[in-house]
Every structure is written in C-alpha cells, then in structure tokens.
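K.L.:
sequence plus predicted model, see below.
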Amino acid sequence: MDSDRVREEFPVTAGPAFFNHAAVSPMPRRACLAGQAVFEDRCLRASADYFKWLAAVADARARAARLLGTTPDRLAFTGNTSHGLGLVAAGIDWRPGDRVGVTWPDFPTLRFPFDSLAGRGVTVVELPKWGGRLDLDAARRLVPGCRLVVASTVDWTTGVALPAGELAALCREHGALFCLDAIQSFGALPTDVTALGADFLAAGCHKWQLGPMGLGLFYASAAGDAALGPVMAGWRSMRDEENLGETYRPKEGPGRFESGTQDIAGISALGASLSLFEEVGTGEVRNRIWAVADILAAGLADRGLRVASPLTPSERSGILAFEHPDAPGLFAHLNAAHVATSLRAGRIRLSPHFYNDASDAARFFTVLDGFGR
C-alpha cells in the first residue's frame, strides 16, 4: 500500500504535524466509518444486526491474533492495559511470601495491580532500569524466586525496547510466569508473542494500534491461562452464551473474562484499523516509522539537540525523545502551533507512525526553529 493511499486514511495530516502516537493516536477513516456504521445500525434497527456485529467482533479478534502471532482463542477484549494486568494480579492463587518482579522505573500501572497484593503477603521486587534500559545483570540476580515477572516491551519515556527474549528465557529457566505490557510496541513493532514465550500480554488499543480509547487486548498462553482462576464471570463467559444456559460451564481460554455485553462499535473500529496494518505489513510499518524517526533524529542533531532514544535496531522503538534547554517552553510552543508531541521526564517525546513522512518532519522543524525568536 503506497504512502499516498495510507495518508488519505488520516485527515490529521492536513495539520502541521502529529507525532504523538505514544499517547493517543488519531484513528484512520476506515475505523471511524466502521464504528459509525454500528451506531447507525443501533439508531435505525436497534439490535436487529446483532449477529452481524458478532461476526465483526470475531473478525477483529482474528486480525489481532494474526498480528500478535497467536490464535483467536488465546485473546480476550478488555477495557485497557490496566484491565489486562489486573486480570493477572487477581487471577493467580497467591501465597504469602510470593514475589513479583517488575521493571522499574516504568509506567505506574505496571506495578500498581501487584502493589495492591501487599495485604496478601506478596512483595514487589524492582528490576532496575537505567535510562530506560533493563539491567540484565540485576535481573539475573533478582528473577530467581519470583513467581511472576512483569515488564513493559518499550520504555514509555526513552523508547528503549526491552530485551524481551532474554528476559523470557530467564523466566523460563527459573520457573517464573512472564507478563508483558505491550501498549508501546504493538502496532509499531512486529510482535510474535508465541515465539517469544510470554505467558501474558496486555495492550490498550488507543496508541500505536490506532484504535479506540477504552478498549484493550489480553493474551494468555495455555500455561498462563491455567494459572488464572475465575476472576470474573457472566453470561458471555459461558460456552453456551447465546443460548443463555443456566449451567456454569465457562469457556476455555481468556475468552471467559469477557463477561458481558461488549463495545461492539469500538471493536468494529479496531478491526478496521488492524486491517490497515495487515495491508501495509508489520515489517513495513516499522520501517516507515524508523525512516521518519531517522529524519527527525538527523535534524535534531544538526541543531545540537541530544536524542536520548537509541537508534540501533535491537533497542529502538517508535519513540524518539530529545533534550532541550527549555523543554517545557518548547512543548508549549509546539502545542500552540498544533504540533502534537509529549513532555515526558523533562524531554520532548516524538512518536511518529507509518503514515507520517518527510513533509511532516519539515513542518515540525519549521515550528521548532521559530521557538525563542
């Protein structure tokens, strides 16, 4: 799919520049139309199209599974990343003295579900990160004895990618379950959760997946699923859900955590967004993101501004953070000019996506160069 056709999907490209996909992304036209179609059905026909909606949910689940390298029966729709991590925290049969290793510092929601287990005798062990990079030597000392290890696939401030394969192998070696918060990688980087060997993965859909807010995905491997008890149950958790049976026979797999009526419009919109990733290809998505990031990094270097994010393939992601003597002032200047970025950890965080191109970068630098004049 050529870049012009991709850009037609995003009316936001008519503005100065949008480089804030690590926060909340714009949605492509096709996603907005898919969600709107469900609301129009509701307006005109109430629930007469119910089974058509179920087919759209199944289609979105199948697309997400293909993009994650798994099968649809291993996925559940949730409300957000925190919801998925909460299922793990609530579902494991914890014992006093259990330890949970958490990469830290990190986004707060990574540890809060597990901090809440302190009253049950569960201790959170911090696996240290320096400048966003996991200290693997420290992890090798601390992971033994942990029942679960929880990590972000990408650091949300610097964009450093987790050495997920090495950490997964370490967890397997010591019998620890492995859980990933993938909200800052899924949609930006190719993902194969099965090959990686993660037991759990949670990701909200409103960032790199270009999906709605208030919607997330939760993955559990067979081993991970077996470790989770019946956290929540409702009519849709049952095997005979559409027959409204009265016998408690929960589904096998994470689908049992989808307990009731779902956000059909949101899931339909997500399915449409994910179709764009399938058309372009996840490898090409990553390459286009990095190509724009390279243009931005070079321009920042030319202006004497230090990029804090790695640019080597093994560590880079879609995030490009840079330092500035007056980062808050520059952020306000960019925001006033409708150039979308974020201010994180005292740096300006840029996060381009695959529809961005050199023209967006040029407009960004025009605004940047006007700061302080």
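P.N.:
Cool, the structure landed. Numbering: from 1, shown residues only.

K.L.:
got the domain ranges for the protein?
P.N.:
3-27+281-370, 34-278 (the TED database).

K.L.:
can I get these in TSV with mean pLDDT and mean neighbour count?
P.N.:
From N, CA and C alone the C-beta is placed, and that goes for glycine too. As requested, the domains of the chain are exported to TSV (pLDDT from 0 to 100; neighbours: other CB atoms under 10 Å):
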stretch	mean pLDDT	mean neighbour count
domain 3-27+281-370	98	18
domain 34-278	97	19
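
K.L.:
got phi/psi on M27?
P.N.:
With angles defined as degrees, to the nearest 10, M27 sits at phi -100, psi 150.

K.L.:
apart from its neighbours in sequence, what residue is nearest it?
P.N.:
Nearest residue to M27 in three dimensions, chain neighbours excluded: L210, at 5.7 Å (CB to CB, 6 or more residues apart in numbering).

K.L.:
quick one: the one you found and A31 touch, right?
P.N.:
Yes - counting by CB atoms under 8 Å, L210 does reach A31; the two are 6.7 Å apart.

K.L.:
show me what contacts I92?
P.N.:
R147, L148, L177, A227, L228, G229 (CB atoms under 8 Å, 6 or more residues apart in numbering).

K.L.:
and the helices in the stretch 151-300 of the chain?
P.N.:
164-173, 193-196, 222-226, 264-280, 282-302 (DSSP state H, counting those that start in this stretch).

K.L.:
nearest to S3, of these?
P.N.:
With CB to CB as the criterion, S3 lies closest to helix 282-302 of the helices of the stretch 151-300 of the chain, at 7.6 Å.

K.L.:
got the angle for the closest one vs helix 264-280?
P.N.:
In terms of direction (axes from the mean of the first three to the mean of the last three CA atoms, to 10 degrees), helix 282-302 departs from helix 264-280 by 80 degrees.

K.L.:
anything in contact with each of L210 and A31?
P.N.:
With CB under 8 Å, 6+ apart, L210 and A31 have common neighbours S273.

K.L.:
that older thread, list the ones among the contacts of I92 that fall in strands.
P.N.:
Those of those mapping onto strands are L148, L177, per DSSP state E.

K.L.:
let me know the closest of the contacts of I92 to S268.
P.N.:
L228 (27.6 Å).

K.L.:
go through the protein and flag its longest strand.
P.N.:
strand 123-130.

K.L.:
could you name the helices and strands sitting against that one?
P.N.:
strand 99-104, helix 136-142 (3 or more CB pairs under 8 Å, 6 or more residues apart in numbering; DSSP states H and E).

K.L.:
following element in sequence after the shortest one, please.
P.N.:
The reference is to strand 99-104. With elements assigned by DSSP states H and E, the helix or strand that comes after strand 99-104 is helix 112-115.

K.L.:
touching that following helix from outside, list them.
P.N.:
So helix 112-115 is contacted by S82, L85, G86, V88, A89, A90, V100, V102, V122, V124, L148, V150 (CB under 8 Å, 6+ apart).
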